[in-house]
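Novice: can't give you the sequence, but here's the structure:
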């Protein structure tokens, strides 16, 4: 079992920045993928960014590439999502998710992920 707790969401104006955090606990892991997904009202949950715990390689959705940065702190078991130049279309509940590496061979999808946090709401006003 892996427990994930997100924080850092809030209300921000377009063009602003937020940093989301996700603390993972429950078991030690090395060969894993931690990802951020988001779900806007009336839409399906979609991939945002992911990071291989070891060696730290990253992947991004096209809509956020160049604006968002995913990183991790191995000592603190924490994954971050730095979001810059936020747009109203970034408004969504953002979820942190975990999967063992063997389950993620291409761009992560919600179906790949085994454990989820409860999410944190990001609202971007125009």
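Specialist: It's in. Given the structure is predicted, the values throughout are model-derived calculations rather than measurements.

Novice: what distance do you get for the residue nearest in space to the middle of the chain to residue 83?
Specialist: Nearest to the mean C-alpha position of the chain, by Cα atoms, centre = their mean, lies residue 36 at 1.7 Å. Per Cβ to Cβ, to the nearest Å, residue 36 is found 9 Å from residue 83. For the C-beta atoms, the positions are set from N, CA and C on the backbone; glycine is no exception.

Novice: overlap in contacts of these two?
Specialist: Listed as contacting both residue 36 and residue 83 by Cβ atoms under 8 Å, 6 or more residues apart in numbering are residue 20.

Novice: quick one on the thing from earlier: which residues touch the residue nearest to the centre of the chain?
Specialist: 20, 22, 48-50, 70, 79, 81, 94-97.

Novice: that one belongs to a helix?
Specialist: No - with DSSP: H, G, I helix; E, B strand; the rest coil as the criterion, residue 36 is located in strand rather than a helix.

Novice: tell me how far it lies from residue 47.
Specialist: Taken as Cβ to Cβ, the span from residue 36 to residue 47 is 8 Å.

Novice: what of residue 73?
Specialist: 22 Å.

Novice: the two: who's more crowded?
Specialist: Under the criterion of other Cβ atoms under 10 Å, the comparison of residue 73 against residue 47 puts residue 47 first, with 21 against 11.

Novice: contacts only, for the closest residue to residue 101 other than its chain neighbours.
Specialist: Of all residues not flanking residue 101 in the chain, residue 31 sits nearest, at 4.2 Å (Cβ to Cβ, 6 or more residues apart in numbering). Listed by Cβ under 8 Å, 6+ apart, the contact partners of residue 31 are 53-54, 100-102.

Novice: same question, residue 125
Specialist: 11-14, 88.
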